[in-house]
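>>> Kindly return the folded structure for what I paste below:
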Amino acid sequence: MPRHVHYYELVEVGYPDAAATLASDPSRWLPQPATPTDGGWEVDLRAHGALPGAFATRRAIVRVGPIPDRPVVGDAGAAPSDATIGLLRPVRWEAATAEDLFPVLSADLELVPLQGEGCQLTLMGSYRPPLSAVGDATDRLLGHRVAEATVRRFVLDVASRLDPPKD
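Residues are numbered from 1 along each chain as shown. Next up is the predicted model:
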(Lines give C-alpha, C1' and ligand atoms only; values in the text may rest on other atoms or scores of the structure.)
Protein backbone atom coordinates (compact mmCIF):
# COMPACT_ATOMS: atom_id res chain seq x y z
CA MET A 1 0.00 0.00 0.00
CA PRO A 2 1.45 3.40 -0.92
CA ARG A 3 2.43 5.76 1.88
CA HIS A 4 2.02 9.50 1.40
CA VAL A 5 4.48 12.17 2.46
CA HIS A 6 4.17 15.93 2.44
CA TYR A 7 6.26 18.83 3.66
CA TYR A 8 6.34 22.54 2.91
CA GLU A 9 8.61 25.45 3.66
CA LEU A 10 8.04 29.18 3.35
CA VAL A 11 10.70 30.87 1.22
CA GLU A 12 11.46 34.55 1.74
CA VAL A 13 12.70 35.02 -1.83
CA GLY A 14 10.30 36.61 -4.31
CA TYR A 15 8.41 34.15 -6.48
CA PRO A 16 9.89 35.29 -9.83
CA ASP A 17 13.48 34.69 -8.66
CA ALA A 18 12.68 31.41 -6.88
CA ALA A 19 10.67 30.13 -9.87
CA ALA A 20 13.48 31.01 -12.28
CA THR A 21 15.90 28.97 -10.18
CA LEU A 22 13.53 26.00 -9.81
CA ALA A 23 12.79 26.05 -13.56
CA SER A 24 16.52 26.00 -14.36
CA ASP A 25 19.06 23.20 -14.41
CA PRO A 26 18.54 20.99 -11.32
CA SER A 27 22.22 21.40 -10.36
CA ARG A 28 21.28 24.95 -9.29
CA TRP A 29 18.66 23.84 -6.75
CA LEU A 30 19.19 20.19 -5.79
CA PRO A 31 20.91 19.52 -2.45
CA GLN A 32 24.66 19.52 -2.92
CA PRO A 33 26.70 17.71 -3.95
CA ALA A 34 24.57 16.76 -6.97
CA THR A 35 26.46 14.74 -9.56
CA PRO A 36 24.92 14.18 -13.00
CA THR A 37 24.31 10.53 -13.90
CA ASP A 38 22.38 8.71 -16.62
CA GLY A 39 19.02 10.46 -16.65
CA GLY A 40 19.29 11.91 -13.16
CA TRP A 41 21.42 13.28 -10.36
CA GLU A 42 23.28 11.46 -7.62
CA VAL A 43 22.43 13.23 -4.37
CA ASP A 44 22.88 12.55 -0.65
CA LEU A 45 19.45 12.29 0.96
CA ARG A 46 19.48 12.88 4.71
CA ALA A 47 17.15 11.62 7.43
CA HIS A 48 18.74 13.36 10.40
CA GLY A 49 16.69 13.03 13.52
CA ALA A 50 15.14 9.73 12.41
CA LEU A 51 18.35 7.67 12.26
CA PRO A 52 21.68 7.93 14.07
CA GLY A 53 24.86 9.34 12.50
CA ALA A 54 26.14 7.56 9.41
CA PHE A 55 22.82 5.73 8.89
CA ALA A 56 21.04 9.05 8.34
CA THR A 57 22.53 9.67 4.87
CA ARG A 58 21.79 7.57 1.80
CA ARG A 59 23.10 8.18 -1.73
CA ALA A 60 20.16 8.33 -4.16
CA ILE A 61 19.44 8.89 -7.81
CA VAL A 62 17.04 11.82 -8.19
CA ARG A 63 15.27 12.17 -11.52
CA VAL A 64 13.68 15.54 -12.26
CA GLY A 65 10.86 15.63 -14.79
CA PRO A 66 10.00 18.44 -17.18
CA ILE A 67 7.75 21.25 -16.10
CA PRO A 68 4.15 20.31 -17.04
CA ASP A 69 2.43 22.42 -19.69
CA ARG A 70 -0.52 23.22 -17.47
CA PRO A 71 -0.13 25.89 -14.78
CA VAL A 72 -0.60 25.16 -11.10
CA VAL A 73 -3.33 27.11 -9.31
CA GLY A 74 -1.98 28.19 -5.96
CA ASP A 75 -5.01 29.61 -4.13
CA ALA A 76 -8.03 27.32 -4.43
CA GLY A 77 -10.32 29.89 -2.79
CA ALA A 78 -9.51 32.69 -5.23
CA ALA A 79 -11.65 33.61 -8.19
CA PRO A 80 -10.12 32.35 -11.47
CA SER A 81 -8.98 35.84 -12.45
CA ASP A 82 -7.21 36.22 -9.09
CA ALA A 83 -5.71 32.73 -9.08
CA THR A 84 -1.99 32.59 -8.55
CA ILE A 85 0.13 30.54 -10.89
CA GLY A 86 2.81 28.26 -9.55
CA LEU A 87 5.55 26.02 -10.82
CA LEU A 88 5.57 22.23 -10.62
CA ARG A 89 8.64 19.94 -10.93
CA PRO A 90 8.04 16.18 -10.82
CA VAL A 91 10.77 14.33 -8.90
CA ARG A 92 11.46 10.66 -8.34
CA TRP A 93 14.21 9.16 -6.25
CA GLU A 94 15.56 5.72 -5.53
CA ALA A 95 18.59 4.39 -3.67
CA ALA A 96 21.81 4.45 -5.70
CA THR A 97 22.75 1.01 -4.30
CA ALA A 98 20.74 -1.86 -2.80
CA GLU A 99 17.67 -0.51 -4.61
CA ASP A 100 15.45 -3.42 -3.54
CA LEU A 101 15.90 -2.55 0.15
CA PHE A 102 14.71 1.05 -0.06
CA PRO A 103 11.49 2.68 -1.24
CA VAL A 104 11.16 4.68 -4.46
CA LEU A 105 9.53 8.09 -3.98
CA SER A 106 7.43 9.72 -6.71
CA ALA A 107 6.48 13.29 -5.90
CA ASP A 108 5.78 16.79 -7.12
CA LEU A 109 7.83 19.73 -5.97
CA GLU A 110 5.52 22.74 -6.14
CA LEU A 111 6.34 26.43 -5.78
CA VAL A 112 3.51 28.95 -5.37
CA PRO A 113 3.64 32.68 -4.68
CA LEU A 114 2.23 34.02 -1.43
CA GLN A 115 0.40 37.28 -1.00
CA GLY A 116 2.97 39.96 -0.37
CA GLU A 117 6.54 38.70 -0.40
CA GLY A 118 7.83 35.19 -0.62
CA CYS A 119 6.51 31.86 -1.75
CA GLN A 120 5.85 28.34 -0.53
CA LEU A 121 7.79 25.25 -1.61
CA THR A 122 5.92 21.96 -1.12
CA LEU A 123 6.82 18.35 -1.82
CA MET A 124 3.85 15.98 -2.04
CA GLY A 125 4.36 12.38 -2.99
CA SER A 126 4.09 8.73 -2.19
CA TYR A 127 6.27 5.67 -1.88
CA ARG A 128 5.76 1.95 -1.50
CA PRO A 129 7.68 0.22 1.26
CA PRO A 130 10.02 -2.42 -0.19
CA LEU A 131 10.04 -6.11 0.78
CA SER A 132 6.26 -6.71 0.78
CA ALA A 133 4.79 -7.59 4.23
CA VAL A 134 8.15 -7.25 6.00
CA GLY A 135 8.56 -3.81 4.43
CA ASP A 136 5.07 -2.77 5.54
CA ALA A 137 5.82 -3.77 9.14
CA THR A 138 9.21 -2.03 9.08
CA ASP A 139 7.62 1.07 7.58
CA ARG A 140 5.07 1.23 10.40
CA LEU A 141 7.81 0.94 13.02
CA LEU A 142 10.48 3.23 11.59
CA GLY A 143 10.40 3.60 7.81
CA HIS A 144 7.72 6.28 7.62
CA ARG A 145 9.61 8.45 10.13
CA VAL A 146 12.72 8.08 7.97
CA ALA A 147 10.76 8.97 4.82
CA GLU A 148 9.25 12.05 6.49
CA ALA A 149 12.65 13.19 7.78
CA THR A 150 14.20 12.69 4.34
CA VAL A 151 11.45 14.67 2.61
CA ARG A 152 11.71 17.43 5.21
CA ARG A 153 15.49 17.74 4.78
CA PHE A 154 15.18 17.67 0.97
CA VAL A 155 12.61 20.50 0.98
CA LEU A 156 14.68 22.57 3.42
CA ASP A 157 17.83 22.07 1.31
CA VAL A 158 16.06 23.00 -1.94
CA ALA A 159 14.42 26.04 -0.30
CA SER A 160 17.82 27.29 0.85
CA ARG A 161 19.12 27.12 -2.75
CA LEU A 162 16.23 29.08 -4.31
CA ASP A 163 17.79 32.38 -3.28
CA PRO A 164 19.65 33.56 -6.40
CA PRO A 165 23.28 34.63 -5.95
CA LYS A 166 23.73 38.33 -5.27
CA ASP A 167 25.82 40.32 -7.76
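>>> drop to CA atoms for contacts and neighbour counts, all remaining ones
Fine.
>>> And what about the most centrally placed residue in the chain, helix, strand or coil?
Centroid check for the chain by CA atoms, centre = their mean gives L123 as the closest residue, at 4.7 Å. Following DSSP: H, G, I helix; E, B strand; the rest coil, we place L123 in the strand state.
>>> tell me which element P129 is part of?
Assessed by DSSP states H and E, P129 sits outside every helix and strand.
>>> sorry, back to before: so the residue nearest to the centre of the chain touches L109, yeah?
Yes: using CA atoms under 8 Å, L123 makes contact with L109 at a distance of 4.5 Å.
>>> Can you tell me how far the residue nearest to the centre of the chain is from D44?
According to CA to CA, to the nearest Å, L123 and D44 sit 17 Å apart.
>>> Could you do A147 as well?
From A147 to D44 the distance is 14 Å (CA to CA).
>>> Flag the shaky bits of the chain, pLDDT-wise.
Scanning the chain for pLDDT under 70 picks out 48-56, 70-84, 98-101, 131-144, 164-167.
>>> In it, where's the longest strand?
Using DSSP state E, we find that the single longest strand of the chain is strand 85-95.
>>> Same question for that one: list its buried residues.
For strand 85-95, the neighbour count (16 or more other CA atoms under 10 Å) marks 86-95 as buried.
>>> would you turn those into TSV with distance to V11?
TSV is the format used below for these (distance: CA to CA, whole Å):
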residue	distance to V11
G86	14
L87	14
L88	16
R89	16
P90	19
V91	19
R92	22
W93	23
E94	26
A95	28
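>>> Tell me, how many residues neighbour the closest residue to V91 other than its chain neighbours?
Counting by CA to CA, 6 or more residues apart in numbering, V64 is the residue found nearest to V91 once chain neighbours are left out, at 4.6 Å. Look at V64: counted by other CA atoms under 10 Å, it has 20 neighbours.
>>> Repeat that for R59.
14.
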